[in-house]
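A.B. asks: sequence-free structure coming up:
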């Protein structure tokens, strides 16, 4: 009723998914990934997939879904996504994930659910990443640019390149044309991030993405906002939980992963209440 969940700056809701890890002195549990370092005592990792409604102004956390110890983010994506659609499907039309969730099977699952995706592309994806990089490098004209003044010395410039994906295109390793562009992929895009201090470049980064939205579906400013919004799950949710809530230092319950997860969910309820009333 307070419209605290309504999207701001985008025409639809966006959920960002991202993994989070908590280390515990606990081993041999279905929700624990055992670690045996060369130095020090063995320990376990309890992993969850955070779902944050990053299109809403407060970036509220919708869920934190426990990941079994014998799997990874790519393999667990579909279970987490299907749970999210079943419970909160009416709140969002697009899901974003970094390269940790990238796969054709995961993209197929999103499309089958009637949702859209934005997946990051990185070098480890080899052929598809190089194909997108080569196509975007041919673009001489940029689609959009923003400039944010951080303080009287620091400025951040973001530059967008946007390309319509052709489903009939094929690509492969070492020049072999073996795979086709995903049939539901509609856009390749890159965002260059440049931080300047006193006019000199102090930081530069470029990220590439594949998306099931057509380039014309959003304005250049909205594309840039969509990419930036994904990081709300880390910069807002995870950062707040790591700092203000000191989650890694104070899991409170260490001997029982289920107890730790109960506390984890309570923390996210508290975070979301603060976010909605901010």
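C.D. replies: Alright, I've got the coordinates. On a predicted model such as this, the values are computed, not experimentally measured, just so you know.
A.B. asks: so where do the strands sit in the stretch 151-278 of the chain?
C.D. replies: Ranges of strands within the stretch 151-278 of the chain are 154-164, 170-171, 179-180, 187-197, 200-211, based on DSSP state E, counting those that start in this stretch.
A.B. asks: can you list these in JSON lines and add distance to residue 59 and mean pLDDT?
C.D. replies: Heads up, the C-betas are built off the backbone N, CA and C, glycines and all. Formatted as JSON lines, these follow (distance: least, C-beta to C-beta, whole Å; pLDDT from 0 to 100):
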{"stretch": "strand 154-164", "distance to residue 59": "19", "mean pLDDT": "95"}
{"stretch": "strand 170-171", "distance to residue 59": "35", "mean pLDDT": "78"}
{"stretch": "strand 179-180", "distance to residue 59": "35", "mean pLDDT": "78"}
{"stretch": "strand 187-197", "distance to residue 59": "19", "mean pLDDT": "95"}
{"stretch": "strand 200-211", "distance to residue 59": "19", "mean pLDDT": "94"}
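A.B. asks: may I have the beta-bridge partners of residue 156?
C.D. replies: According to DSSP bridges, the residues that bridge with residue 156 are residue 148, residue 195.
A.B. asks: any idea how far the closest residue to residue 263 other than its chain neighbours is from residue 262?
C.D. replies: Nearest residue to residue 263 in three dimensions, chain neighbours excluded: residue 252, at 5.0 Å (C-beta to C-beta, 6 or more residues apart in numbering). Look at residue 252 and residue 262: by C-beta to C-beta, to the nearest Å, they are 10 Å apart.
A.B. asks: and if you look at residue 36?
C.D. replies: According to C-beta to C-beta, residue 36 and residue 262 sit 27 Å apart.
A.B. asks: so these two - more neighbours on which side?
C.D. replies: Per other C-beta atoms under 10 Å, whichever of residue 36 and residue 262 has more neighbours is residue 262, with 13 against 9.
A.B. asks: contact partners for the residue nearest to that one when sequence neighbours are not counted?
C.D. replies: Nearest residue to residue 262, sequence neighbours excluded (C-beta to C-beta, 6+ apart): residue 253, at 7.4 Å. Residue 253 sits next to 259, 260, 262, 263 when contact means C-beta atoms under 8 Å, 6 or more residues apart in numbering.
A.B. asks: quick one, phi/psi of residue 253?
C.D. replies: Dihedral pair for residue 253: phi -110, psi 110, per degrees, to the nearest 10.
A.B. asks: what does the one 3 residues further on give?
C.D. replies: When read as degrees, to the nearest 10, the backbone of residue 256 gives phi -130, psi 110.
A.B. asks: how about the helices of the protein, start to end?
C.D. replies: Remark: helices assigned in the chain by DSSP state H are 73-88, 104-112, 127-137, 220-230, 232, 239-243, 257-277.
A.B. asks: quick one: the residue nearest to residue 262 from residue 259, how far?
C.D. replies: Distance of residue 253 to residue 259, given as C-beta to C-beta: 3 Å.
A.B. asks: okay then, goodbye and thanks.
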